[in-house]
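K.L.:
Build me a structure from this.
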Amino acid sequence: MASNTEDRLAALEARINLLEDHNAVRKLQHTYGYYLDKCLYNQVVDLFAEDCEVQFHGGVFKGKSGARRLYIERFQKAFVGGRNGPVFGFLLDHPVMQDIIDVSPDRKTAKARMRCLMMQAGTHDNAIDPNSANQPRLRQWWEGGIYENTYARGEDGKWRIKILNYRALWHATFEDGWAHTKPTFVPFLSKTVAQGDPLGPDELYEDKWLWPDTHTVPFHYPHPITGEWVTKEELHDPPKGDNGISAFADVKS
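P.N.:
Residues are numbered from 1 along each chain as shown. Reported below is the predicted structural model:
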């Protein structure tokens with residue numbers, strides 16, 4: 001009886017540990033979102049592991065130095081003039097939702113898929129100085145994206161972001177909506193540091209797309225009922241004009 005009780009207690013302890021890890025990873029990712037919303041880029045970088053990787057809009061930024069190059073040298077200077085924190089009249093909110101988090105049985109790593117809806121880069125009229133030659137960015141848009149991230153638990157027991165894989169999927173102007181978005185509304189990164197962009201990524205990746213392409217970022221988990229994985233063919237939309245869809249052919253805009 002004692003052995004059976006000990007086994008049950010050990011199993012419950014293991015389940016509690018995984019639940020605590022699950023909550024810690026979720027808190028970590030949502031903390032990232034809150035810091036990013038308010039341009040707290042120094043705090044953002046501190047959430048990453050030393051050997052991290054940031055996959056962003058066609059480029060791969062490697063290690064903590066790569067993360068600093070993206071968030072501090074690129075974003076911080078471009079969006080908030082080099083300070084750490086928000087500036088008057090600049091909006092960059094992006095709620096993170098639909099978390100699916102899986103912690104490995106050994107509790108050393110975890111994976112998560114989350115959705116993001118961003119209100120991006122708009123500058124309020126009152127933030128514009130008509131006498132300044134260096135005007136802030138006026139462009140504003142909607143952005144939808146997916147995170148498929150990997151996390152690692154350090155020797156100190158704290159979870160950090162190991163691989164942040166953010167894929168922007170679609171953009172839309174507030175005025176015209178997504179039905180009229182031009183291809184590559186936000187151009188992909190095209191040059192690495194070695195190719196002459198001092199703020200560029202360490203590498204470029206080819207598997208990238210934007211609306212109106214509707215490819216799907218691969219899932220880190222199989223189907224919860226069948227155990228099957230979504231195939232590569234199912235993840236990618238067919239070529240334009242070859243999908244056989246006619247359900248909306250008579251719908252007028």
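
K.L.:
Locate Cys52 within the secondary structure: which element?
P.N.:
According to DSSP states H and E, Cys52 maps onto strand 48-56.

K.L.:
continuing past that strand, what's the next helix or strand?
P.N.:
Once the chain leaves strand 48-56, the next helix or strand it forms, by DSSP H and E, is strand 59-62.

K.L.:
Identify the residues contacting that following strand?
P.N.:
By C-beta atoms under 8 Å, 6 or more residues apart in numbering, the residues outside strand 59-62 that reach it are 52-55, 66-67, 69-70, 188-189, 192, 200-205. In this view, the C-beta of every residue, glycine as well, is placed from N, C-alpha and C.

K.L.:
okay, that strand in PDB with CA atoms only?
P.N.:
Output of strand 59-62 as PDB, limited to C-alpha atoms (Å, rounded to 0.1, in the frame of the first residue of the first chain):
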ATOM      1  CA  GLY A  59      15.600  36.500 -41.600                       C
ATOM      2  CA  VAL A  60      17.300  34.500 -38.700                       C
ATOM      3  CA  PHE A  61      18.900  36.500 -35.900                       C
ATOM      4  CA  LYS A  62      21.300  34.200 -34.000                       C
END
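
K.L.:
Tell me the helices and strands packed up against the helix or strand just after that strand.
P.N.:
The helix or strand immediately downstream of strand 59-62 is helix 63-68, counting by DSSP H and E. Secondary-structure packing of helix 63-68 (3 or more C-beta pairs under 8 Å, 6 or more residues apart in numbering; DSSP states H and E): helix 41-45, strand 48-56.

K.L.:
mind redoing it with 6 Å?
P.N.:
When contacts are defined as 3 or more C-beta pairs under 6 Å, 6 or more residues apart in numbering; DSSP states H and E, helix 63-68 packs onto strand 48-56.

K.L.:
Phe79 is in what secondary structure piece?
P.N.:
Secondary structure assignment for Phe79, by DSSP H and E: helix 77-80.

K.L.:
Now do the buried residues in that helix.
P.N.:
Neighbour counts over helix 77-80 (16 or more other C-beta atoms under 10 Å) mark 79-80 as buried.
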